[in-house]
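Asks: Just the structure for this:
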Amino acid sequence: MKRDWDLIRAILVVAEESEGPLSTADVEGWPADAVNYHIELIVEAGLATGGCTTYLNNGGRTCRIESLTWQGHELLDGIRSKTAWNAIQRVAKEKGLALTFEVVKLAAAEVVKSLFR
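Replies: Next comes the predicted model:
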């Protein structure tokens with residue numbers, strides 16, 4: 001499965017707004033397997049605490065986010081605004097860059113800098 005930054009952004013937004021742990025079902029409009037995969041990536045990247053559970057009786061899998069980490073909040077602050085997110089994607093595309101974690105962070109910082117010029 002390919003990493004989908006729009007889904008990562010959506011999960012981070014919902015996780016921050018959540019009153020408690022976020023589960024796969026809390027992220028609407030996306031397939032459960034994609035949400036599970038991206039929650040796992042978010043946790044692996046250190047953007048949130050949480051994990052995944054595989055059920056032995058049926059092989060089903062569910063993932064959850066307990067809370068965002070400092071790094072998760074920092075990243076979300078840079079990509080939360082739809083305007084900023086669109087600018088980040090546009091800049092990466094114009095420069096011929098794939099949306100890697102580092103590119104997203106750098107592009108978010110550049111977008112913020114441009115607002116202060």
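
Asks: which regions of this structure sit below the pLDDT cut-off?
Replies: Low-confidence segments of the chain (pLDDT under 70): none present.

Asks: Please enumerate the strands of it.
Replies: 22-23, 48-54, 61-68 (DSSP state E).

Asks: among those, which is the most enclosed?
Replies: strand 22-23 (a mean of 22; mean count of other Cβ atoms under 10 Å). To be clear about C-beta, it is placed using only N, CA and C from the backbone, and glycine gets the same treatment.

Asks: What pairs with it, parallel or antiparallel?
Replies: Applying DSSP bridges, strand 22-23 is found paired with strand 61-68 (antiparallel).

Asks: pretty sure Val27 is touching Glu17, no?
Replies: No. Val27 is beyond contact range of Glu17, at 11.2 Å (criterion: Cβ atoms under 8 Å).

Asks: Give me the more crowded residue out of these two.
Replies: Using other Cβ atoms under 10 Å, the more surrounded residue of Val27 and Glu17 is Val27, with 22 against 9.

Asks: Many thanks, I have nothing further to ask.
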